[in-house]
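Student: Dropping the sequence and predicted coords here.
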Amino acid sequence: MHSEHIVKSFDSELDRLYGEISRMGDTAASQLDAAVDVLLRRDDQAAERVVANDAAIDELEQAVSHDVLRLLALRQPMARDLREVYSALRIASDIERIGDYAANVAKRSLVLNRTPPVQAVQSIPALAATANSLVRGAVQAFRLRDDALALQVREGDARLDQQYTALFRELLTWMMEDPRTITPCAHLLFIAKNIERIGDHATNIAEATWFIVHGQMPGQPRAKRDATSQ
């Protein structure tokens, strides 16, 4: 009876940990949506709020790290339980980085607001929408321990890479055709790269979920479609 109580207590603490990470993921995805919104509206005050709100994700990551260390010390989990706790720490770190990249988009928007508007900014929302679909899918896969959904997210990163490559080339074209757009388009290049990196972290979360379920990483290497270095 005592051991059954310990198991139930561990499961309860693990569920609470998963809840914290799910809230982190939802907050990070909302941050990216908000960052793109203020980019389009050229709203300084709203952009500053997005940057300030990144602290909430940092605090959640610290809470997750504390809970993971406590679980490891008090429960000494083994096998799959240990995989879940270990992966939770990695996933929280990836979500924290997603929040950082979303804040970076908002910071760049503040700089862009000092330059004349450029039509090229209208290409950013489609890229961000793809990235955020990967983030939300990855968090859901983790929440449900859904290995099939995790694999879909992992494969979807190649589509984001393709969009990023197309946008990279589009921005270069704008810069070559009109030198007045060089400064704003350079900032948009950084924004696009931040969003592409968000997809990489979503893929990390998906791979961690696969690891929880199967005890190993997916067999095939990631498909990469980022051709900007070519």
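Tutor: Structure's in. What do you need? Numbers count the residues shown, from 1 in each chain.
Student: Stretch 148-156: which residues count as buried?
Tutor: 149-151, 153-154, 156 (16 or more other CB atoms under 10 Å). Every residue, glycine included, has its C-beta placed from N, CA and C.
Student: What segments of this structure are helices?
Tutor: 2-41, 44-75, 79-112, 124-144, 147-177, 182-214 (DSSP state H).
Student: Show me what counts as buried in stretch 173-186.
Tutor: 174-175, 181, 183-185.
Student: Also stretch 90-98?
Tutor: Buried residues in stretch 90-98 (16+ other CB under 10 Å): 91-98.
Student: Pull the residues that contact it.
Tutor: Identification of contacts with stretch 90-98 by CB atoms under 8 Å, 6 or more residues apart in numbering yields 20-21, 24-25, 28-29, 31-32, 57-58, 60-61, 64-65, 68, 135, 139, 142, 197-198, 201-202, 204-205, 208-209.
Student: could you point out where the chain is predicted with low confidence?
Tutor: Residues of the chain that meet the criterion pLDDT under 70 lie in 1-8, 223-225, 229-230.
Student: Distance to R80 for the buried residues of stretch 148-156 - can I get that in JSON lines?
Tutor: Output for these, formatted as JSON lines (distance: CB to CB, whole Å):
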{"residue": "L149", "distance to R80": "19"}
{"residue": "A150", "distance to R80": "15"}
{"residue": "L151", "distance to R80": "19"}
{"residue": "V153", "distance to R80": "21"}
{"residue": "R154", "distance to R80": "20"}
{"residue": "G156", "distance to R80": "26"}
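Student: if you skip the residues just before and after it, what's nearest to the most centrally placed residue in the chain?
Tutor: For the chain, the residue lying nearest the average C-alpha position, counting by CA atoms, centre = their mean, turns out to be I98 (3.6 Å). Of all residues not flanking I98 in the chain, A28 sits nearest, at 4.3 Å (CB to CB, 6 or more residues apart in numbering).
Student: residues of stretch 71-91 that come out buried?
Tutor: 71, 75, 77, 81, 83-89, 91.
Student: Pick out the most distant pair among the residues you listed.
Tutor: By the measure CB to CB, R75 and I91 form the most distant pair in the buried residues of stretch 71-91, at 18.6 Å.
Student: What are the buried residues along stretch 27-42?
Tutor: When burial is assessed from 16+ other CB under 10 Å, stretch 27-42 yields the following buried residues: 27-32, 34-39.
Student: Tell me how far G25 lies from T173.
Tutor: 35 Å (CB to CB, to the nearest Å).
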